[in-house]
Structure formats: structure tokens, C-alpha cells
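J.: After the sequence you'll find the predicted model.
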Amino acid sequence: MKQIRLLLLALLPLLASAQIGDLPRSTPAAEGVSTQAVVRFIDSLMAVPRTHVHHVMVLRHGRVVAEVHPAPFRAEDSHTLYSCSKTFVALAVGKAIDENRLRLTDRVAAFFPERLPDSIGANLAAMTVRDLLVMASGITPDWEMRNSHPDWISTWLAKPVKEPGKNFAYDSLSTFLLSAIVQRVTGMTTLQYLQSRFFDAMHITQAEWEQSPDGINTGGWGLRVQAETLAKLGLLINARGKWQGRQLVSEQWIEQATSKQIECAASTTPPTDGNQGYCYQMWRSKWPGSIRADGALAQYVVMVPQEDLVVVINSLSHRGHDLLACIWNYLMPGLSPAALAPEPRWQKRLDRLCATASLPAPKGRKNGRSAFPCTIEAAGQPPLTLSQGPDGTVTLRHDGYTLPLAHKQWAYDTTPVSPPYTVLAMNRFGGLSSPYTTAGTYVWTGATRFEADVHWVDWISFRHYAVELRPDRTAHVTITDNLGEKPSRDYEGNY
């Protein structure tokens, strides 16, 4: 019965998410992509150190030629995007400009008269919508401000302002101001506006966006969608704003938004993906003509319009530029302007890879010498409880989570408790729905050492538990979040 319950929990999101599978599918060779190159590209992604690959999609000529969602992740799972969210804000701004609700030259201060400081300097008065789009507001980024102030607009506008439009300084609060402007001029949140102007036409039905304490979509981060939605974004941009024959945003806006607008770093030889220039809420990449939406921990939509290519990567990685290098080094050399002869052996290998890919998990035995149930207690730490059912499934309770863990497979469950999150902004998770889905596995790596991996599969977060249960009833607990080089918690306790 337990296994049936876990299977049903795994299938529920699939039954509720009809939008996946919208895009036409094909084979790499039919669309002029070497199948061998695709296999080597995916293999290389999976081999990058300090990296968990969650979703990969490769599209050529508007068709999906390969996709892999390594277990425990699944195609139907949404994923938080971090700064990949910014590119969707650029679409909303462009549409508002198309509808004459907004202009690039509009002054930011004019939208928020009630939020302005008592004294307005010349630089604040001169700051424009375009300055926000290119990350040149003139305000020094303050990444802690959103964590402690409930009124982000007033606090941000009260900061000292250098000459706007001159120097690039990456700041997610600039994008938040753009989201607030969209809401001010349309009467809708940015997500509502995108839904009415883009998502309905593109059959994007599963999208959520975090909100500020005063109900504004956070803009610079916090959008949560499926990988296939990111693929649709890439196709829309490659098609210069057109979707299935309908111009959703002007071609002129896409041309501006994907063009280099400001220098973002010193040039180097050889060039890097970080110094090719910033556009409107997206980046130029080092492959000639390529652009990308880019989010923390390696969330990417890479677009190469002249090759009619889109690559989507969702991951948890501290080596993002190594993932981009896999595209340039392995995938791009495999492109052809015409269809290629089928490669049956490589296609069979690709099919098997996409069907069986799984993230690494600790290896070890199903049972150890220490008896469950047990509860580990330590000063200043929440209790950690371990128990085991007759079918071998272990339940770990900690930090408010109840996490089922299976041996050598993934046990899925849902939790109303928000996942671990690197963003500490006030009202974080506001605007998002729960429950969240977890997938856990465990092993005994020694007679007294228990280890578990837990993924929040419809988010991004990962947690590794290592518990040493000594015969003298003392315990050592090490908890590492998000593949960190150092544990997030490391302590002694008793059980």
C-alpha cells in the first residue's frame, strides 16, 4: 500500500499539468543536429562537478529533439528560476511599450510620487525605464535591503543615486522596480499581464511568481514554471516575438531587447560568457549571435537565432559557465544546415539516456546496526527523528518536514512547509502555492552511519543528511544544503 501511495503521489502532478508535451517532437538528425553530439552534450552536463542537472531540453527548428529530466525530477515539475525571471519582465515591458502604456524614456520617479524621498536629486529625477532595463540605475546594489525593509520601493528610491545610464551594476531590485511600473501602468501584476498577453496564447497554464510584502511580483527573481515554458520563451524570442503566426510583442522590441545595450565587464582573451554585454534583462553569450536568460545556480535559456536553436537548462550548480561551455564545445559543432542521416546506434543511446537518467545518490546498505526509532536532540537545534516502516521505508522528521526515504529509489511525498531557499527576502514564497514535492533516498554507508539525500523536485533545493549513531547514544549530525562546500549545520547530540 505504501508503494502504491508513493506512485500515486508521483503521478498526480502529471495528471494535473496538461501543458507539457505541447511542443512538437522530432529526432536530432531530422533537424540537422548530430545525435552523437547531443549525447556527448548531455553526458558532459551530467559530469560537471558540484552540479545536479534537473531539466535539459534541446530544440531545433521549433521541435524538441532531446529532453532529459534526471530522476527524481520529472518533466511536469515546476522550477524556480532566480534571475531567469528577469527576461519575462523584459517581455512585459516591451508589450506595455507596444501598447503605448510606457516609454523607455519615462522617468522612474514619476511612477511613484507617493514613495519618493522628501528631497529629490537631479540623478534620481533623471533615471529612466531604460536605465533599469540595462542595470544602470546609478544606485549601488544592496542585496540585504529586501530582507529587512517591507517597503522596497521607498527604501530603494531613498538611496544615493550616481549618474544613471552610465555604469552597469547588476541589481535585482532594478527589475523589481520594472515589475512595479508594469503593475502601475496596466493595473495588473506582471504575471497577470503576461498571462493575458503571452501565456494564454502560448498555452502556459502553470506559472507562479513570488510577491513583495505589498503584492508586487518580485520581477528580478521568483518566477516558477516548467522547463517547457522556458523552451517556449526561447522559441518566441528566436521568432522575433511571433508565436504560431501571431505577433505577441513587436519585432522591434525583440531586436532591441536582444542587442547589446551596455558593457557589463572588461573584455578578455579568450572571451567569456560574462563579458559579452548586457541587453534588456538578458545577456549576450560568447558564441557569436547567441543570447541567454540567466539565473543563479545555473538556470539558462540559451538562444542562437541564426541556428534556430534553443537550449534550456535547469540545475543546481556552482559551475554554471562550465554548463554553458558544454553547449559550445559539444552541441554547436554538431549542427548542420540540413537534415542528417539517422544514427540508429546513437539514437538508441540517447533514448536510453533520456529514459533512465538519474541524479547520483549515496550508495550503501539498507540496514545498519543502530535501532530505529530514535530522536537526536542537541542544544540550539530542532530534534531529528528517524523511524523505519516494515517495508524498509525510513521517515526523517526535521525542521518541520516529514520526509519519506526509500532505499535505492526515490520516495515522493508532499509537504506544506516551504523548501530551503537561498533568497531571504521578506515575504519570500508569498504568491506561491503549496504543498511542495520532495523525493528522498537513504543508505547506511557503515554499521552506524546513516545518509540521506532529499530533493525538492518542484523547486530547486537539495539537502544531504549524514548521521553517525554511536553505541554510547551520542550522535553526530552533518547537514549540507545545495551542494555547499561546507556543511550548513554540523553538531553533536544525544539520542
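T.: That came through, no problem.
J.: can you give me the strands in the stretch 251-400 of the chain?
T.: Remark: strands assigned in the stretch 251-400 of the chain by DSSP state E, counting those that start in this stretch are 283-284, 291-295, 299-304, 309-317, 374-376, 384-388, 394-398.
J.: Kindly present those strands as TSV, with separate columns for distance to R352, mean neighbour count and mean pLDDT.
T.: (C-beta placed from N, C-alpha, C; glycine too.) Output for the strands of the stretch 251-400 of the chain, formatted as TSV (distance: least, CB to CB, whole Å; neighbours: other CB atoms under 10 Å; pLDDT from 0 to 100):
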stretch	distance to R352	mean neighbour count	mean pLDDT
strand 283-284	34	23	98
strand 291-295	29	26	98
strand 299-304	25	27	98
strand 309-317	21	26	98
strand 374-376	41	18	96
strand 384-388	34	19	96
strand 394-398	30	20	97
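J.: so which of those strands comes closest to A355?
T.: Across the strands of the stretch 251-400 of the chain, A355 has its closest neighbour in strand 309-317 (18.6 Å, CB to CB).
J.: Paired strands for the closest one, with orientation please.
T.: strand 51-60 (antiparallel), strand 299-304 (antiparallel) (DSSP bridges).
J.: and G493, helix, strand or coil?
T.: strand (DSSP: H, G, I helix; E, B strand; the rest coil).
J.: ok, now which ones touch the closest residue to it other than its chain neighbours?
T.: Counting by CB to CB, 6 or more residues apart in numbering, G493 lies nearest to A378, which is 3.3 Å off, once chain neighbours are set aside. Contact analysis of A378 by CB atoms under 8 Å, 6 or more residues apart in numbering lists V477, Y491, E492, G493, N494.
J.: Looking at these, state which has the most neighbours.
T.: Counting neighbours by other CB atoms under 10 Å, V477 leads those with 22 neighbours.
J.: Would you map the helices across the protein?
T.: Taking DSSP state H, the helices of the chain run over residues 2-16, 35-47, 85-98, 122-126, 129-133, 145-148, 152-157, 172-186, 190-194, 227-238, 251-257, 320-326, 344-356.
J.: Going by neighbour count, list what's buried in the second one.
T.: Residues of helix 35-47 classed as buried: T35, Q36, A37, V38, V39, R40, F41, I42, S44, L45, M46 (neighbour count, 16 or more other CB atoms under 10 Å).
J.: wait, what's in contact with the fifth one?
T.: Applying CB under 8 Å, 6+ apart, one finds that V39 lies in contact with W346, R349, L350, L353.
J.: Count the residues that sit near the first one.
T.: Going back to what we said before, that points to W346. That count, for W346 with other CB under 10 Å as the rule, works out to 18.
J.: Contact partners for it?
T.: Going by CB under 8 Å, 6+ apart, the list of residues near W346 reads S34, T35, Q36, V39.
J.: again, but for L45
T.: T51, V53, V56, I313, S315, L323, C326.
J.: Please report how far it lies from A298.
T.: 10 Å (CB to CB, to the nearest Å).
J.: Now do the shared contacts for these two.
T.: Here L45 and A298 share the contacting residues T51, I313, S315, L323, scored by CB under 8 Å, 6+ apart.
J.: Can you list the low-confidence ranges for this protein?
T.: 1-18 (pLDDT under 70).
J.: could you redo the last one with a cut-off of 90?
T.: Within the chain, the stretches with pLDDT under 90 are 1-19, 266-271, 361, 368-372, 390-392.
J.: what's the spacing between the spatially most central residue of it and A325?
T.: Nearest to the mean C-alpha position of the chain, counting by CA atoms, centre = their mean, stands L81 at 2.7 Å. Using CB to CB, L81 is found at 21 Å from A325.
J.: hang on, the earlier thing: quick one: closest of the strands paired with strand 309-317 to E255.
T.: strand 299-304 (13.3 Å).
J.: now the closest one: how far from the chain's centre is it?
T.: Centroid separation for strand 299-304 versus its chain: 12 Å, with CA atoms, centre = their mean, to the nearest Å.
J.: ok so, going back, farthest pair within the shared contacts of L45 and A298?
T.: It's T51 and I313 that sit farthest apart of these, by CB to CB, at 10.1 Å.
J.: one step back: which two among the contacts of W346 are spaced furthest apart?
T.: Pairwise distances across the contacts of W346 peak at 9.0 Å for S34 and V39 (criterion: CB to CB).
J.: who touches G62 in this structure?
T.: L23, P24, L235, D308.
J.: The same query, at a cut-off of 6 Å, please.
T.: Taking CB atoms under 6 Å, 6 or more residues apart in numbering as the criterion, G62 is in contact with L235.
J.: same thing with A466?
T.: Residues near A466 by CB under 6 Å, 6+ apart: E451, T478.
J.: swap in D490?
T.: T478.
J.: how close does it sit to L396?
T.: 17 Å.
J.: G430 too?
T.: According to CB to CB, G430 and L396 sit 28 Å apart.
J.: same deal with A71?
T.: Here the criterion is CB to CB. By it, A71 lies 19 Å from L396.
J.: Setting aside sequence neighbours, what's the nearest residue to P337?
T.: P337 sits nearest to G32 (CB to CB, 6+ apart), 6.3 Å away.
J.: Looks like that neighbour contacts S336 (just checking).
T.: Yes: contact criterion CB atoms under 6 Å: G32 and S336 qualify, at 4.2 Å.
J.: So between the two, which is more surrounded?
T.: Using other CB under 10 Å as the criterion, G32 and S336 rank with G32 on top: 19 against 14.
J.: Can you name the residues that contact the more buried one?
T.: S336, A338, A339.
J.: on that earlier part again, nearest to F450 among the shared contacts of L45 and A298?
T.: Using CB to CB, the shared contacts of L45 and A298 come closest to F450 at T51, 25.1 Å.
J.: residues touching that closest one, list them.
T.: Here T51 is in contact with S317, R319 (criterion: CB under 6 Å, 6+ apart).
J.: for M127, same thing?
T.: By CB under 6 Å, 6+ apart, M127 lies in contact with V108, S137, P164.
J.: next one: H61
T.: E31, D308.
J.: Give me the phi and psi angles of it.
T.: Main-chain torsions, H61, degrees, to the nearest 10: phi 50, psi 40.
J.: Around the closest residue to L173 other than its chain neighbours, how many other residues sit close by?
T.: Distance criterion CB to CB, 6+ apart; nearest residue to L173, sequence neighbours excluded, is W156 at 5.3 Å. W156: 23 surrounding residues under other CB under 10 Å.
J.: separation between W156 and S137?
T.: From W156 to S137 the distance is 9 Å (CB to CB).
J.: before we move on, what about G219?
T.: G219 is 13 Å from S137, by CB to CB.
J.: With distance to S434 as new columns, can the buried residues of helix 35-47 be given to me in CSV?
T.: Supplementary listing: those in CSV, determined by distance: CB to CB, whole Å:
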residue, distance to S434
T35, 40
Q36, 43
A37, 40
V38, 36
V39, 38
R40, 39
F41, 35
I42, 32
S44, 35
L45, 30
M46, 30
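J.: And the furthest pair within the residues you listed?
T.: T35 and M46, at 16.9 Å, using CB to CB across the buried residues of helix 35-47.
J.: Not counting its neighbours along the chain, what's nearest Y170?
T.: M135 (5.2 Å).
J.: Then E31?
T.: R60 (3.9 Å).
J.: That neighbour and T35 touch, don't they?
T.: No: the criterion here is CB under 6 Å, and R60 misses it with T35 at 11.8 Å.
J.: Need the residues touching each of those two.
T.: In contact with both R60 and T35: no residue, using CB under 6 Å, 6+ apart.
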